[in-house]
Structure formats: structure tokens, C-alpha cells
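**Student:** the following block contains a protein sequence and its predicted model.
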Amino acid sequence: MAFGKFLLKRTLQGILVVWGVVTVLFGLRAVTPGDPVNLIVDPAVDQATRERIRQELGLDQPIYVQYADYLQDLLVGDLGYSYQASRPVSTMVIERVPATLELAIAATIVALVIAIPLGVISGTRRNEPADYGATSFSLLGISTPNFWLGIMLILLLAVQLDVFPTGRRPVAFHDALWTFLTTFYVGDLLTWLHHIILPAVTLGTYFTALITRLTRSGMLDEYGKPYVTATEAKGIPETLVRYKHVLRNTMIPIITVLGLQLGTLIGGAVVTETVFSWPGLGLRLISAIHNLDWPLIQGIIIFIGVSYVIINIGVDAIYAKLNPRVLDE
Amino acid sequence: MKGADNLYSGRRSVLKATGVIGATAGLGAIAGCLDDPEGDDDDDLDEIVITQGEIIENPDPNDHITGPYFNVLDPVYEPLFNVTPEFEFEPRVVEEWEDTDEGAELTLRDDVVFHNGDEMTAEDVAYTFNRMIDPDLGIESDQAAGLGAIDNAEALDDTTVLLEHEVAPSLAEFEYANYGRVVNQEWIEDQEQPVAGDDEEAFNGTGPYEVVEYEPDVQVVLEPFEDYWGDEATLERVVFNQDGESSGRANALETGESDIVDNIIPEDVPGVDDADGVEIREETSLRNVFLVMKSGVEPFDSTEFRQAMNYAVDNEGIISDALGGYGEAMTQPIPDGVFGHNPDLDTYEQDLEQAEELVEESGYAGEEITLYSPEGRYLNDADVAQMAADQIDQLDNVDCSFDTAPFPDISDANSAGYDDEEMPFFLIGWGVITGDSDYGLAPFFVEEAPQETLRNEEISEAILESQTIEDEDEREQQLQEINEELREEAPWVFLHSQDSVYGVREDLDWEPRTDESIYLWELDS
Amino acid sequence: MISDRIKSNLRQEFRRNLLPKLGLAILVVVVLMALFAPVLATHNPNTTGHFDDGNSYPPIGTSYDSYEVVDGEREPYSVEYSTDHYLGTNNVGQDVFSRLLYGARTSLLVGILGTGLAVVMGVPFGLVSGYYGGRVDDAMMRVADVMLAFPSLVLALALIGVFGSMSIPVPDPIVTAGFAEGMPSATILPGTITVVVGLVTWVWFARVARGEAMAIRNEEYVKAARSLGASNATILLKHVLPNSLTPVIVLATIQVAAIILLESSLSYLGFSGTTLSWGYEIQQGQDYLRTAWWVSTVPGIGIVLSVISINLLGDWLRDSLDPNIEGEGGGA
């Protein structure tokens, strides 16, 4: 199978999945009990007005007409209006993306920076104290709920020692960066960094633990393979072997697993944002659910679902480029 | 929907200078001035940062009745009247007003301009009122309920507006003086309804400050409006931040990121007290928290059973344990300080034996009930409800469990009628924001009222009658009798009105007020 | 179905390693806590008001600074522990130790029932999909893809929005039999959450079962059974299902841990359905970090220990049985 054809097939599958996602969400909203009009207006509002709103929202139409309208609106990027805030859902989603993205990227960086060296040490010093330390850490890391970890970090580092703030994001990264680039004032960037460290560590810990485990077992596997023994016999220094060959081969499964765990990252971000009042998509989703603001709930989840599908197609494509055997399967 | 939640909106409780509130009014020196003992450096206070649990839901000044939103919006969309610390109305945009046969006539200043440069006219003022009362003009305003007496607004000439009404003048005055943040008709009609922009362009008021930055749910930044008719903008920059966590707000205060923060929970009080340069300031509010018992649903259709619930609950104990003492026990549906409150009534003191006897009498011994509570809507709400449920559960002949529910579900139940069986027993709150008992009674105890919780013909008629009594003393007496009647009928488990607790920079000469508002324009430097 | 070789493998791995023993020991303690909560608890977990003059008691051996109001002034006041309350009391004066025990019940109940539901939904789905292959498989796998496009926590939140909170009181046999005076007569099962965690995790079981079914359907003995006239249903039940059990068991073990984490996250976010949940307790305590650090800390330790113990046993099963499976982690 050619790469182009592969990509086309995956894209078509992706579109099908997206259609499924939006349909599931439409269904969920349709079966939710309660009158949406109640969520929009004051209880004191009279019956005639309620009827008018119902008509405006198309709620008096048969369900298949509502579904068709809904798909049509989605095609042009219209996610409707929030019941609660009366603002376009698309804007309410987009404006929260940078904060969540900052958090997810920072967490991934934290994870990679800590995990890979830890995994390498652990994998090359098997059954030594360093290895035990790293394995215990990773076991703890995958067994700790991240919201609790976040609260414990707040308790220790914000409340007791007062080293970090308890939360909030006083400045957006892109604004801080822009200020720095135009005025060379570094204060905003530092403020941003100061506020994101605890949330990033909170969200990143699970992945740190996971990648440490993967790197360790990857290293152990690769070390047993003939090419390593062969290069070592040729007298190439050990460290060079370790980093150049072994680590590179270890990275492939790590990338695959990270792609698969994207859902965990997003779910984790929802919780982490709540712990730290970090104004991202997750915080907005939680308040939307508390308010039963369906257009907003729907919009956020569609956005997450679609991004997830697109990223996965991207990961598959990269994987297929690196590993053309996939195309034959 | 949001009407049920107007507890965050104790804003503008325009109180007659009677009773206790009159005495505390001295404290209500509103958004004060910088206490500068040296008296030399007057430029200290040119920027102020206020962190609230919520800032604004949208930029529309006519859409909501939520207190903290007004703190942000009032400097931009100034109110028509000044409300003095003694809770009297003073001229502001309205220079004079009088009641005629047709209604109230307001005379306006002629030099008021909007931030976009347009001059303000009587048409704009009339449009503003009609926009709030009449849903056909584009929004379903939560303020409509507070303007129930006003039938229509009309511009008589460039500076005169007639507000038609058929009720007692003092009731009408309570209503129109509380609302009316003037919008520009032409500009508003070009906007989405309600105004829903997400940048500084979404604001156009006549107030002393204009919005220069707006990030929804995060931040609003204000700077003085140069063409303002008065000279009230003394601060060069005002920042409103949003932080939903009490500990986060306390932290912002302690680190100096913020000068005033609202809603500090009792548990964070000692920390703020210990921190350098900041302190706690508190004031009673008109937010009244109670447990609704729907009188059309078993077992709550028995007055004895409802009274028993009141005897089972130790509201003083809840105030001291769940609210750290920051609350006042309620004796009737209306909090102290509101016109028509009856000062002669006592709380139901906890008396388990009497409660058990009353349950026996009611014939509902052995009942199993569940109390629902929202979480985070009111001060320590779930804690309060959990303690109340446990105290009722202590009765030998009633089983009471506790659960939390999302606020929209509770609000739905609240407006589902007095005989709706879905959720007959729940915690909710109400702020009597007009400062008049009518606003706390009519929505709950008049037949077919939107949030009817008790069906009692006599009480219903008495409330309707009170709306037309012109003589103030007579009207007050009638309202007090109704409140006494309601204490006996026990449609709710009366709990408490909660205190507002702020964290404030020590050197800031500002005192909180009972209506929970923060007025920027009275900040002196 | 479980061969002697597997059994001896399991035994060997267990004997050789310390970790599965540790896991088993912790898990036994947690299960006993949950089972005998009414007997072990020192107080009714719902009873409020265990205060020292309005202040929560700290855990045994600790004290903290508070204040009391004297004549309208706040005076410093040191709150000492009470030997009645081993782990102190929370913000409404409930006994933290007793709530820890009852919280274990909720976590394990939801973990086991939720996993059970996921197995019951996912395994037949996967078996049918993998056994028939072709178009059927294609269609069914697209359904699975749709499920996988939602992060499980996010989908769970949406479903909770639909179902609302539904609590099912389950009578407590120990209390009914009269062995524990004054304890709650029923345990509240958070119905919505139990169903929802099953609904968002079944797809992992479907994938595992499908893989096994695909591998087995072309085996000689299956072909032989088919040629002897056995119906597809019989073959699925008699041959394919038993063979897929091993990986399903391993996955189920890990999923119990993942679901305990998911349940605690949902409760933390305010969608508990019962107040006797570790996640709910942690959320309650977050507002009190400055004064009452133990309210959030204690239940978190409960979660970590339960999840570690199950993960250790899961690792042991995986190492002994070596199935090739994947699943969404429980980092949320």
C-alpha cells in the first residue's frame, strides 16, 4: 500500500469516527432529562416567552430535523451558544485552548526530562539501589491520583513552605513571550514559569512514571540483543552504545505508548486544572457540567474528540514513514 | 434560572434606616479611602487589584442580578442613583424624581456621555428599563423579577422619563432605584443579546471608568474615562481577577498580588490574620440560607412535621461549627434589616424531644427523607446541610440522609411547584436584594408564584394586599404579621444569613457593607 | 482453561518476589477494612459535630493553632488531639478514621462492579467481532474507535451530565444482624458512577477479547469443531471464551485499580453520589489545607495504598502469564 493511500484510508476512518463522536453527543443531549429552556431563563419567565425560545432553538422540531440542523451547523464550525454565558461556544472553546496546551506541553517536558535519564540509569544498573529507587518511584507515580498529588504539593510547597503559588495563571505564555521579545522584560515569563511548575509536575508525574518504566524495560531488552554485544566487542565506548543505538530503539515504543496515552493526558489535565484553578478547557468543562450547559459541554468534548482523532492520524502517519512495514499490514 | 441564585447578589439591599442596619450603617462607608497616617504620599493608591470568586458571566449590565458582577460593572455602567451609607437615595444620573398619578417621573442630567462618545438621552434610560422588563427586546433579564411593579418606561422629553406603576410609591422606588444601569440603545441594538463580546469593545457605559482589557472568567481591567461628567475616577487602574478557590484568593492577598479579596472561608481566616500587612474584615449580609420543605409533598404537608424539622436543627450550632461563627441565626423568612422584618420573633431552639413529639403528632413517624444540597454555591453549603441532615437523623422517629446535587437540579426543583415530588427537601438561598420583604415573600408564598414552596391562601392574600398599602407604617406592620405567621407555618427550616468575609490590605481604609458591594468611585487617595 | 503450567508459573513468581506478597498483604487489609467497616469504625461516619469548641480534632499525636472568639476578639488557641478520634475529625466534625473505612467500601464496590460491567459488555463484543472478522469486525471496531476518541474521564463526565446522580442504598448485613449498633443501616452505592465507569472502560476488554478470538478462530481444534457441526455460539462459548480468559483476568485486575482512580477523580470533581468516598473527602479537605491538613491527606493515602496493592498483583499476574495487552492508564 502506498503511503498516500494509507493516509487517505486513515483520514476516511477518522471522519467516520468524528461523525460517530458528534452523533453520540447529540444523542446524549437529546436523552438528557429536563427542559433546556429552564436552564436558559429565570423561573419567573412566562409560558409564551418559553415557547418563543423553544422555537428559536428549534426544540419544537422533530428530532431528525434537529439532528440535520446540528450537523449542518457543525460543518460550518457553528457550535451554538452557551446557555449560561450566552456567548458563542466556539469562542469559549478556542480561548481556553492555549492554557490547556501550555499545561500539557509543560507536563510532557517535565516527564521526558526526568523519566529518560531515570529509566536509563535504572535499566543499566539493574538491581542496584538506583534501580530500586527508580522502580519504586514509578510504581508510586502510576498509583497516585494526580489531584491528590497536586493537593499534597500545594500543602507542602505553597501552604507550608510558601515557595510556589497555590494556582491561577496570571499571564498567558504567548503574552509573556511577546512582552519579552518586544521589551526584553523577563518578569512576565518568570511569573508564568512560577505558576506553571506545580501544575506541570502534577500532571506530568504519571507520565514520568510510565516513561521511566518503558525506558527501563526497553533498555533491558535492547541490551540483550546481538548488535549491542557486537558493538561493544568492537571497543566502542559503553556510553556511546547506550545513547546512540539502544536509546533510539527504545524511543519507538515510548512514542507509540505516549500517543495511546493522550486520553489520559487530557483527562488528567481536566483534574489538574481544577486543583490549580488553571483557566483551561478542563476547568470550563467542569463548570459547564455543573451548570448542565449542554451546548458548551458538547462543544468542548467535540473539540477534544476531533483533536484526538487528528493527532492519532498524525502519529500513525509518522509511524508509517519511519516504519514502512506498517503499510503492508 | 439564575434568579434562584441571587444570593450572590445581596447587592443593593436598599435598606430603610430602621433597626439594626441603621446602627451599623456607619461601617458602611463603602469603598473607603486609603488610610494614610503619614498623610504625605497621596499617590500611593493609583492601582488597585480586587480578586473575586467570580467576575462577570457576560458584559451585559441588564442581564444578571449577581452581586460580584455589579462590583465590576458598576464603575462602567453607573447606577442611576447614589445609595448613601444610610441607605438613602441621592441624585446621580437622575437629578430629581417624584411620584405622579401615572407613575414616577425621573429628571436626568443633560451632560452624560457614553464611552463611545454618544450622548445619553432619556430614550436610552427608558429603553434600559423596558429592556429589563420586556423579553421581546432581546434578553430574559434576571432583573425583571426585581422590577415587577414597573409596567412600562417612556421618555417624555430629552431629560425626563416616566416609569409607569400602580403600586405604593415606596415599593416602586425600591425597585427602580436598585436597577437601571443605562445602556446606549443604538449601540445595544447592534450587539448580540445579551451582550456577549469577549474583549474591551463589549462595554459601553456612562460610568467614570472604561474597560481597557477583558478576558472572560479571568480578568477585567479598568481605567478612567476622560469625558466623564463628574470627577470620580481617582484610580489610574483597577484590576478585577477571578479565582474560584478561597485558598487561592487568600494566597493572592498574602503575596501582595491583590488588595481586596472576597469570600474568605472561615478556615482561611487565621492564615490571613497571621499574614503581614493584610487583615480580615467582615459584615453581615442579606443572604439568607434555608432548607425548603415543599408543603404539597408528604411528609412535609404536615405543619407539625415541618415545625419538628425546625426543632431538630441546631442552627446556632451550625453557625459556630460550619461557618466559624460567621452568620446570624434566622427567625423568619426575612433577614434582619429588611423592611418588614419582625424583630420580636425568636429562633426555633433545638429541642429533640419536642421534635419527636411533633413528628408523632404529624402521623409521619418512621419517615425516611433525603436532604439535598448544592456544593460551593453558598458559604460551606454542603457542610451546613450535612450537619442539619445529621441532626434530623438523630431523631428516633425520622431517618434523614444527605446527598449533594448539581445546582441546576436544585434550582429546577425550586421552581417546580409546591407539590413536585422529585426533590422536596433541599438547601437553597435567597437574597432579599430590594431590601423590602416583598421580594423575599412573594416569590415563595403567593399562589402559583414561580418558586412556590407553601400553599396557604390566607398568607398569599395578605402578601398581595401588602403590595398596595400606601402608608409605610401600616405596610410594615402587615409584613411583620405575615412574617410571624410564616414562622409558625414553618415552610422552611430557617437557618442563617451568612456574613461576608473579606481579606483586605491593612492600610486600605475600606469597610465592607451589608449589601456586599464594592464601590470604586468613593475610593479617595 | 487455567493450565497447570500457568498455576506453577504463578506460584513460582509469587514465591520468588517480595512485591506480590506485599501487594497481597495490603490488599487483604483494605478488603477487611471495607468488609468490616461497621465493626471497626469507632463512630458513625455520618455523625457530625465531633469538635473541640468548633475546631476539628487533629490526628493523635498532633495539635494545631486556631483561635477562639472572646468578646468579639479572636484569641489564639491551641487545639489538642482526642484519643477518641485516631485520625482526627473533618470540617463538619466527622470521624476521619471511620470515614476512611467506609471510603474503602465505596472504592472497592465501584472498582469491582464497574470492572464486572465492563467485562460483561466488552468481552462478548470483542469475541464476536474477532471471531467473525470481515465486515462485522470492521463495523464493530469503528464503534470501538468512537469510544476510544473520548478520554475516559471526559466521557464519564458527559454521561454523568446525562444520568444525573443516582444513589442506591444497599442494606448492610452486619448492621441488620445487630453486630454494629449506631452505624448506617445501608451503604450507599453510587449508581451513576458505577455504570459510567463500566461504560467508559468496556472497550479495552473488547479489544483484548477480539485479539484472542482472532488468534483462535483459525486453530485446528476450532476448525475441527466447526466441521463436526458445532454452532458458532457453541464454539464461541466452549472454545474461544475460555482461551481468552487469561488476558481478561490480567486486564480486569489492572482495571480495578484504574477504576478506583477514576472514581476518586470523579468524586473529587464533585460528582460523587455518596459522601463516603475518598475523592469527595479529599475535595472537602482542599478548602482546609491551611488548618486541617489531615482531611485531604488521609483518604489519599488510602487510595494510593489500594491502587499500589492491586497494581503489584497485576504486575505479578502479567509477569507470570505474559499476555500481550494494553489499556488506558489510570493517571487521571
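**Tutor:** Nice, thanks for sending it over. Numbering: from 1, shown residues only, chains lettered A, B, ... in the order given.

**Student:** leaving out chain neighbours, which residue sits closest to residue B:236?
**Tutor:** residue B:46 (4.2 Å; C-beta to C-beta, 6 or more residues apart in numbering or on different chains). Backbone N, C-alpha and C define where each C-beta goes, glycine included.

**Student:** next one: residue B:447
**Tutor:** residue B:460 (4.6 Å).

**Student:** number of nearby residues for that neighbour?
**Tutor:** 20 (other C-beta atoms under 10 Å in any protein chain shown).

**Student:** flag the shaky bits of the stretch 151-300 of chain A, pLDDT-wise.
**Tutor:** A:223-245 (pLDDT under 70).

**Student:** quick one: is stretch B:489-504 near chain C?
**Tutor:** No. Using C-beta under 8 Å from any C-beta of the partner chain, we find that stretch B:489-504 stays clear of chain C, coming within 12.4 Å at best.

**Student:** that stretch near chain A at all?
**Tutor:** No. Contact between stretch B:489-504 and chain A, assessed by C-beta under 8 Å from any C-beta, is absent, since the two come no nearer than 13.9 Å.

**Student:** tell me what the host helix or strand of residue B:50 is packed against?
**Tutor:** Following DSSP states H and E, the helix or strand that holds residue B:50 is strand B:47-52. Judged by 3 or more C-beta pairs under 8 Å, 6 or more residues apart in numbering or on different chains; DSSP states H and E, strand B:47-52 is in contact with helix B:67-73, strand B:237-242, helix B:246-254, strand B:260-261.

**Student:** again, 6 Å this time
**Tutor:** Helices and strands touching strand B:47-52, by 3 or more C-beta pairs under 6 Å, 6 or more residues apart in numbering or on different chains; DSSP states H and E, are strand B:237-242.

**Student:** I figured residue C:95 hits residue C:87, correct?
**Tutor:** No. Under the criterion of C-beta atoms under 6 Å, residue C:95 is not in contact with residue C:87, lying 7.8 Å apart.

**Student:** which stretches in the stretch 1-150 of chain A count as helices?
**Tutor:** Secondary structure of the stretch 1-150 of chain A (DSSP state H, counting those that start in this stretch): helices at A:3-31, A:36-40, A:47-56, A:63-75, A:89-94, A:97-124, A:129-143, A:146-153.

**Student:** what packs against the third one?
**Tutor:** If I follow you right, that is helix A:47-56. Applying 3+ C-beta pairs under 6 Å, 6+ apart, we find helix A:47-56 packed against helix A:36-40.

**Student:** what separates the helix it packs on from the chain centre, distance-wise?
**Tutor:** 31 Å (C-alpha atoms, centre = their mean, to the nearest Å).

**Student:** quick one: it near chain C?
**Tutor:** No. For helix A:36-40, no contact with chain C is found by C-beta under 6 Å from any C-beta of the partner chain; the gap never falls below 11.6 Å.

**Student:** residue B:377: what's it in contact with?
**Tutor:** residue B:407 (C-beta atoms under 6 Å, 6 or more residues apart in numbering or on different chains).

**Student:** wait, does stretch C:105-114 make contact with chain B?
**Tutor:** No. Stretch C:105-114 stays clear of chain B (C-beta under 6 Å from any C-beta), getting no nearer than 13.4 Å.

**Student:** need the contact list for the residue positioned nearest the centre of chain A.
**Tutor:** With distances taken as C-alpha atoms, centre = their mean, the residue of chain A nearest its centroid is residue A:266 (3.0 Å). Neighbour list for residue A:266: A:304, C:151 [criterion: C-beta under 6 Å, 6+ apart].
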